[in-house]
Every structure is written in C-alpha cells, then in structure tokens.
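Novice: turn this into a structure:
(one chain, ligands or ions: 1)
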Amino acid sequence: MSHEQTTSLDALLSRMKSAAAPFRDTLREVYESSRHPNDGHVADYIPELARADPEWFGVSVVTVDGQTFDVGESDQAFTIQSVSKPFLFGLALEHHGREHVLSKIGVQPIGEAFNSITLDEATNRPFNPMINAGAIAAADLVPGDDFPDRVRRMRSMFGRYCGKEVYIDNSVFASERATGHRNRAIAHLMMNFGMVDGPLEETLELYFQQCSVIVTARDLAVMAATLANRGINPLTGEQAIAPEFVKDLLSVMHTCGMYDYAGEWAYRLGVPAKSGVSGGILCVVPGQIGIGTFSPKLDAKGNSVRGIRVCQEIANRFGLHIFEAGDRTSSLADELTPPRPV
Ligand code: GLU
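Specialist: Purely as a prediction, here's the structure:
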C-alpha cells in the first residue's frame with residue numbers, strides 16, 4: 001500500500017468514526033428516551049400475535065451506503081403483517097404495469113379502518129393498496145405458474161429487499177387463516193365486482209402468507225434503505241425493484257401508510273412509512289437512510305406507540321421532513337458518508 005493510500009484510508013476511518021460514533025450515541029439516547037411510558041396494547045385479534053413480549057423494543061438505521069446502526073432488540077423476529085403491503089403493490093406493478101394495476105387498485109387515502117369492507121362506489125376498486133382490500137387485490141396480481149410458484153416469487157422478492165432468504169411463521173399463518181373471515185368477505189366482495197380473478201382461496205392464502213413473513217427491525221431498516229437507494233439493496237447491491245416504481249411505493253406509503261394516522265404522520269414526520277399490527281414500522285428517508293422499528297404495543301389507531309415516538313424524535317433531531325425548507329448541505333447522509341478514497 002502506498003503512502004498516499006495509507007493517508008486516505010486513515011482519513012476515511014477517522015471521518016467514519018467521527019460521524020458514526022456520535023450518531024450511534026444519539027440513536028441510543030433517542031431509544032432510551034422513547035422507551036417510557038410503554039403504553040398501548042399488543043394486538044390480539046389474531047390469537048398468535050398476542051404472544052409477543054410487550055417489552056421488546058428494537059431500532060435500526062441503515063444508510064444508503066450500507067452502514068448499519070442497531071439499538072435494543074433489533075434482531076428479534078416478528079411477522080411483517082401490513083408492512084408487506086407496499087412491497088406486494090410493487091411486485092404487481094413490475095409485472096403488470098401501472099395502467100393495469102391502477103384499474104384494479106386506487107391510490108386514494110380513506111379515513112376508514114384498514115380492514116373496512118368498502119370499495120370506491122364509482123370504480124368498484126379498493127381505495128388504496130395499504131388497506132386490506134387493496135392488499136388482497138395486489139396479492140391477486142402476483143403471477144406464477146401455480147400456487148407454490150406465486151409464493152416463491154413473493155418470498156424471493158422479500159429476499160431481495162432483506163438481503164437474505166425469508167421464511168413464513170406457520171403458527172401466525174395458521175392463526176390468520178383460521179380467523180380471517182373478514183378478509184374473505186372483502187375478497188368475495190371484490191370478486192363480485194371483477195376486481196380480483198382468483199382462485200380466491202389461493203389469493204387469500206398468499207395474502208395470509210405475506211403477512212406471516214418473518215422479519216426483524218434490522219430487516220425493515222434494510223428494506224427501507226433499499227427503497228431510499230432507488231431500489232438497490234445497499235448491503236448486497238441487488239436491485240430489489242425496478243427504480244421507476246420506487247416512487248409508486250413511497251407515494252402510497254406517504255399518503256396511506258400509517259392507518260388513520262397517515263395524514264398526521266405525513267404532517268409531523270414528513271417521510272414515507274408503513275406500520276403493521278405486530279408492532280413494526282418501516283420508514284424511508286429518500287436518498288439517505290432507512291429506519292426499522294419494532295415494539296408490539298399499539299395505540300388506538302394500530303401503530304406502535306414507541307415506534308412512532310422514536311421515529312418522530314429521529315426525524316426532528318436530524319430535520320428529515322422531506323418538505324423541510326432550506327438547503328441540504330447538512331443532510332444526515334452527508335454526515336455519515338465517508339469520503340471515497342482517491
Ligand atoms: N394480517 C393482518 C390482517 O389482514 C394484517 C393487518 C395489519 O398489519 O394491518 O388482518
């Protein structure tokens with residue numbers, strides 16, 4: 001190694017240390033201050049979800065150049081639930097294109113529950129892909145030669161985002177299937193209006209399986225960082241989704257991703273996000289970082305209480321709101337990105 005290379009490597013390491021260490025400290029501080037009070041309730045409408053330990057709390061941040069920062073139980077496994085929804089929408093878009101997908105699923109927020117049995121009266125479409133109706137319609141659009149092939153495509157898509165093979169939690173899947181009558185009602189209503197083609201039970205099975213994919217807070221952060229990085233997984237370099245569709249996912253997350261809190265979240269935090277009933281939140285800061293959080297206690301709207309608190313605090317401290325006025329010279333990504341060796 002030449003003297004010049006040694007110098008630039010030293011500079012790189014010291015710059016990384018100087019930016020990354022304070023960020024790690026800040027993240028821990030924000031994590032600690034978000035722990036209490038641990039209010040809310042663990043979801044129990046799917047019996048298997050009620051088994052979660054209410055004390056679990058993990059937070060991960062992954063930068064678009066692949067640096068990772070973890071605090072707490074960031075490796076605790078849980079089922080992805082509704083956080084899966086934007087990704088299935090993306091899979092449908094890649095295979096069928098915007099025109100066809102939007103003829104089956106709208107992109108309009110509604111102020112109704114995630115599992116509401118309502119379609120747009122004018123078009124018969126589900127309102128958006130972030131509620132169950134729209135997500136079941138998206139699952140219906142997952143292509144494949146047969147059912148195992150459709151499941152394989154769904155799992156390999158999540159594998160590209162997570163940078164590893166993903167598995168299904170069979171107990172949660174069985175619990176979802178045994179109790180999912182409301183989702184069946186929604187699917188039948190959509191079949192009545194020609195919004196899904198079926199076979200219906202197969203599409204529902206696929207939907208229940210996608211909700212039961214096992215992830216960790218770290219996985220959610222990697223998935224989010226992949227979306228922040230124009231669809232390229234920053235850890236593996238793999239293209240998880242065609243770059244032209246990343247904005248489709250981020251737009252629906254931004255307007256509809258946080259249940260009936262979506263508008264308030266967009267106003268307060270200003271970054272696209274998606275939450276799920278098991279307590280996960282995935283939050284994308286385009287061009288900068290992905291955040292994944294997990295804490296099972298939910299507020300009345302179905303969002304993780306500590307997850308909201310910690311994301312809010314990170315967004316505030318680092319000025320992450322996408323509509324924040326002013327220049328971006330002090331962006332967090334610039335802070336954390338070491339200079340390239342010359
Ligand atoms: N599996 C859940 C259901 O369809 C997903 C709910 C959620 O996370 O919002 O009921």
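
Novice: nearest residue to the residue nearest to the spatial centre of the chain in space, please, no chain neighbours.
Specialist: Geometric centre of the chain, nearest residue: L282, 3.8 Å, by Cα atoms, centre = their mean. Counting by Cβ to Cβ, 6 or more residues apart in numbering, the nearest residue to L282 once its immediate chain neighbours are dropped is L220, at 4.3 Å. For every residue, glycine as well, the C-beta is placed using N, CA and C.

Novice: the one you found: what's it in contact with?
Specialist: By Cβ atoms under 8 Å, 6 or more residues apart in numbering, the contact list for L220 reads 60, 80, 83, 280-282, 290-294.

Novice: among those residues, which are in strands?
Specialist: 60, 280-282, 290-294 (DSSP state E).

Novice: for the ligand, state which of those is nearest.
Specialist: Distance ranking of the ones in strands among the contacts of L220 against the ligand, using Cβ to the nearest ligand atom, places G280 first at 8.6 Å.

Novice: quick check: the closest one touching I291?
Specialist: No - the pair G280 / I291 is not scored as a contact, 11.0 Å apart, by Cβ atoms under 8 Å.

Novice: if we can go back for a sec, can you add pLDDT and give the ones in strands among the contacts of L220 back as CSV?
Specialist: Below are those laid out as CSV (pLDDT from 0 to 100):
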residue, pLDDT
S60, 98
G280, 98
I281, 98
L282, 98
G290, 97
I291, 98
G292, 98
T293, 98
F294, 98
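
Novice: of all those residues, which two lie farthest apart?
Specialist: Across the ones in strands among the contacts of L220, the longest distance by Cβ to Cβ is 13.8 Å; it joins G290 and F294.

Novice: settle it for me: which of these two has more neighbours?
Specialist: Taking neighbours as other Cβ atoms under 10 Å, G290 and F294 compare with F294 leading, 33 against 26.

Novice: for the host helix or strand of V101, which positions count as buried?
Specialist: Assigned by DSSP states H and E, V101 belongs to helix 85-104. By neighbour count with 16 or more other Cβ atoms under 10 Å, helix 85-104 contains the buried residues 85-94, 96, 101, 104.

Novice: of those residues, closest to the ligand?
Specialist: Closest to the ligand, out of all of the buried residues of helix 85-104 and judged by Cβ to the nearest ligand atom, is K85, at 7.9 Å.

Novice: show me what contacts that closest one?
Specialist: By Cβ under 8 Å, 6+ apart, K85 lies in contact with 129-130, 134-135, 138, 274.

Novice: turn these into a markdown table, including secondary structure, pLDDT and distance to D146.
Specialist: Converted to a markdown table, the contacts of K85 look like this (DSSP: H, G, I helix; E, B strand; the rest coil; pLDDT from 0 to 100; distance: Cβ to Cβ, whole Å):
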| residue | secondary structure | pLDDT | distance to D146 |
| --- | --- | --- | --- |
| P129 | coil | 97 | 24 |
| M130 | coil | 97 | 28 |
| G134 | helix | 97 | 25 |
| A135 | helix | 98 | 22 |
| A138 | helix | 98 | 19 |
| K274 | strand | 98 | 29 |
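
Novice: save these as TSV, and put in distance to P286 too.
Specialist: TSV is the format used below for the contacts of K85 (distance: Cβ to Cβ, whole Å):
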residue	distance to P286
P129	19
M130	18
G134	23
A135	23
A138	22
K274	14
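
Novice: now L332. Nearest residue, chain neighbours left out?
Specialist: Nearest one to L332, counting by Cβ to Cβ, 6+ apart, is F318 at 4.7 Å.
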